[in-house]
Every structure is written in structure tokens, then in C-alpha cells.
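# sequence plus predicted model, see below.
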Amino acid sequence: VTEVVNTYSESRRPLLVGTNNAFGAYVNNNSIQNFLFDCDGVLYRGNDEMPRASQTIQQLIKRGKKVFFVTNNAASTRMELTTKLEKVLNCRGILKEEMMIGSAYVAGQYLKSCNLNKDSGKKTRVHVIGTAGLCTELQSAGFDVSGGQDPVDTPSGMSRDELASYPFPEGQIDALVIGLDNDFNYRKLCIATVLLQRNPHALLVATNLDAFDLVGFDARHLPGNGALVSAVEMASGRTAINVGKPSSTLSELIMDGYGLEARETLMIGDRLDTDIKFGNDSGMKSALVLTGCTTSSEIASVLKDDESSQMIPSLIFPHVGYMLDDATSEN
């Protein structure tokens, strides 16, 4: 990475952080008070903690910094994300549910801000493609929810005749929300498409537009929620509203909802197209860690492409352990 970055002009070059002292100096010089962390690939991978992630989070909180966990993963509720971070980072008792900003929660808050059905007095109905966690968050936000996980014996396909005779027990909907669904199938696509056709004023909301994640030792591409959203968009002729990273909807919710100043905020992530772009588009500083899915060739690609300037991080370091004060940690 060092060789790649150093071949470009200083004006486009991210700061390469090689010591804890260098990171501390950057934070002090830029008056950083708020830290937004992506989770998978930054703080953990699966159930394995990244180097010194726990110490980093605990130190920031003890020093009075504002810490939030911002993830495009819509499968978990805020409570479930809190429980996972407490377990993986071994830091029970210091993490609060309000620190968790998952895209399922954001989808609910976004729909609440739209004041759907405020004049009619009817409860807002939301159809979901996604997990039980997404459904729970939307229900917690006060919505009637249909869809989500199907019963085990539900067929995955749907013929022309079946769609023609389907009674649509979902009824009238005010919004359709799409989150990653490992059981996504043609039947769900058919139902969602006709629901949008029958309810032309219903909002189409995506928890994120991630193209893929990486799995396995050979970095296989696991299709992300963006693939599901594209299928529904293509079939319905609609364009989804993205409420996950790197959307301005998410940025506004965080800045306004938590009273943060973008110029005092650092977004730490492992993806250029979501985490880093989100930070830069929002007026924050952005930090790329190398424990996730970004390769040196991808870094080189954005450095040489003028149209990708919003994906150039402010700084790069190997892992979150470099954020620790040297007095309490060694690399």
C-alpha cells in the first residue's frame, strides 16, 4: 500500500499512519471528537476481534469521545448488535443501544420522518424483503409489517397462474423496505413487484446498496443487498431510496439526531465505496483500515481516477489498534 500511495501527488495522497503517535497527532490537529466505526472488517471478522479493537473502543469512551457503530447490516436489531459487540470485544457494560446505528434502525427512522398517513390517522403498513431483525426494528418504530421470513414450507417459485390468482393478503402498503435476505427468491420478487404496481405512492427503501461482501480464503464475492434492490428496481421500474452508507439520508440522521459536527468526526471503515465515500460526502474525515475487503489495486484505482476523489480516504492504517495511545499499547 505504501508503494501504491507514494506514486501519486501529495495533493491526492492519504496520510499513511505507521505509529500510534501519528494517529494521535492527527486527531489532535483536526480536533476529532466523534468516531464512527463500521463493524465487520473493522472491529471484527465473523466472531473474531480485530487487533486491539476492544482496547481502542474502551479507551475512546473512557476519554469522553463520542463513539458510534454504523453498519449497513440490516439483519440485526440495535439490541442484537450491542450484544454481539459486547461479546466479541469483551467490553460489557460500556456500550449503549443508542450507539448502534444499523441500517434497519435507520430505515425505521427515515420512514417515521416521512410522516406517512399523518392525515388519515391510519397506521403505516410496510412490506419487507429481509430478516426478522429488520422486521423487528420496523415494528419497534411503530409500523405494521408484512413479508420478512416465509414459513419453511413456502415455495420459492411462482408461476404465471399463481401470480394471477394470488390474493395479496398484504393489502395496501405505504412502503416497501429491502434488506439483505439470504432466502430471496422469485416468489418474493413477484409479490414485491405487484405490491409496488398496486401502490404507486408507496416508498421503495433500500437499507443499503452494497454490491457484495467477501467470504472464504480466496475472497469469493457474496452478493449483497444491492443485487436484490436492482432486481426489484428492474421489475418495478422504480428507484429505491438508499438509507445506508454512503447516503446523505444517513448522514443527516446522525448529525442532526446526535448533535454532531461533521468537521469533528472521523469515519473508520474498510470499504471505499461505502465507508470512505460516506465520510467524505458528509464533510467528515475518513480512515481506511486494511483488515477488510479493500485491496491495494482498488486504492490505486481511486487515486488515479479524478471521478473517484470522494473515495480517497483522509488516512490509512493497518488496523484499529493504531488508534490507541502509545502509552497503553504496542503494535
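Nice, I can see it. Since we're looking at a predicted model, the values are computed, not measured.

# need the contact list for residue 99.
Taking C-beta atoms under 8 Å, 6 or more residues apart in numbering, we find residue 99 in contact with 67-69, 82. Just so you know, the C-beta spots here come from the backbone N, C-alpha and C atoms, and that holds for glycine as well.

# same question for residue 53.
Residues touching residue 53, when contacts are defined by C-beta under 8 Å, 6+ apart, comprise 42-44, 89, 319-321.

# let's see that with 10 Å instead.
Listed by C-beta atoms under 10 Å, 6 or more residues apart in numbering, the contact set of residue 53 reads 37, 39, 42-44, 85, 88-91, 289, 291, 319-321, 323-324.

# quick check: it vs residue 69, distance?
Distance of residue 53 to residue 69, given as C-beta to C-beta, to the nearest Å: 11 Å.

# from the contacts of residue 53, which land in strands?
Cross-referencing those against strands under DSSP state E gives 37, 44, 289.

# can you count the residues close to the last one?
Using other C-beta atoms under 10 Å, residue 289 has 28 neighbouring residues.

# about what we covered before: shared neighbours of residue 53 and residue 69, anything?
Shared contacts of residue 53 and residue 69 (C-beta under 10 Å, 6+ apart): 37, 39, 42-43, 85.

# for these, which one is nearest residue 8?
The shortest distance between residue 8 and any of those, using C-beta to C-beta, involves residue 42 and amounts to 24.4 Å.

# buried members of the contacts of residue 53 into ChimeraX, please.
The ChimeraX selection below is limited to those of these classed as buried (16 or more other C-beta atoms under 10 Å):
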select :37,39,42,43,44,85,88,89,91,289,291,319,320,321,323,324
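
# related to what we said a few turns ago, wait, which of the contacts of residue 99 is closest to residue 1?
Using C-beta to C-beta as the measure, the one of the contacts of residue 99 that approaches residue 1 most closely is residue 69, at 25.2 Å.

# how about the residue nearest to the spatial centre of the chain, what does it touch?
The residue lying closest to the centre of the chain (C-alpha atoms, centre = their mean) is residue 72, at 1.8 Å. Residue 72 sits next to 38-40, 102-104, 106, 179-180, 206-210, 213, 224-226, 242-247, 250, 269, 271, 274-275, 278 when contact means C-beta under 10 Å, 6+ apart.

# restricted to strands, list these.
Counting by DSSP E, the part of these found in strands is 102, 206, 213, 242, 269.

# so, low pLDDT: which residues of the stretch 201-331 of the chain?
326-331 (pLDDT under 70).

# sorry, back to before: narrow the contacts of residue 53 to those in helices?
When DSSP state H is applied, the contacts of residue 53 are split such that 85, 88-89 fall in helices.

# closest one to residue 295 out of these, please.
Residue 295 lies nearest to residue 88 out of the ones in helices among the contacts of residue 53, by C-beta to C-beta, at 24.6 Å.

# thought that closest one was touching residue 44?
Yes. Contact between residue 88 and residue 44 holds when scored by C-beta atoms under 10 Å: they sit 4.7 Å apart.

# identify the contacts common to those two.
Common neighbours of residue 88 and residue 44, using C-beta under 10 Å, 6+ apart, are 50, 53-54.

# give me the pLDDT for the residue nearest to the centre of the chain.
What the model reports for residue 72 is a pLDDT of 97.

# so the closest residue to it other than its chain neighbours versus residue 241, what's the distance?
Using C-beta to C-beta, 6 or more residues apart in numbering and skipping residues adjacent in sequence, the residue nearest residue 72 is residue 208, 3.7 Å away. Distance check for residue 208 against residue 241: by C-beta to C-beta, it reads 11 Å.

# repeat that for residue 16.
Between residue 16 and residue 241 the computed distance is 36 Å (C-beta to C-beta).

# those two: who's more crowded?
Using other C-beta under 10 Å as the criterion, residue 16 and residue 241 rank with residue 241 on top: 17 against 14.

# test my guess that that one contacts residue 106.
No. Distance between residue 241 and residue 106: 11.2 Å, which falls outside the contact criterion (C-beta under 10 Å).

# could you name every residue contacting both of these two?
Applying C-beta under 10 Å, 6+ apart, one finds that residue 241 and residue 106 are jointly contacted by 205, 247, 249.
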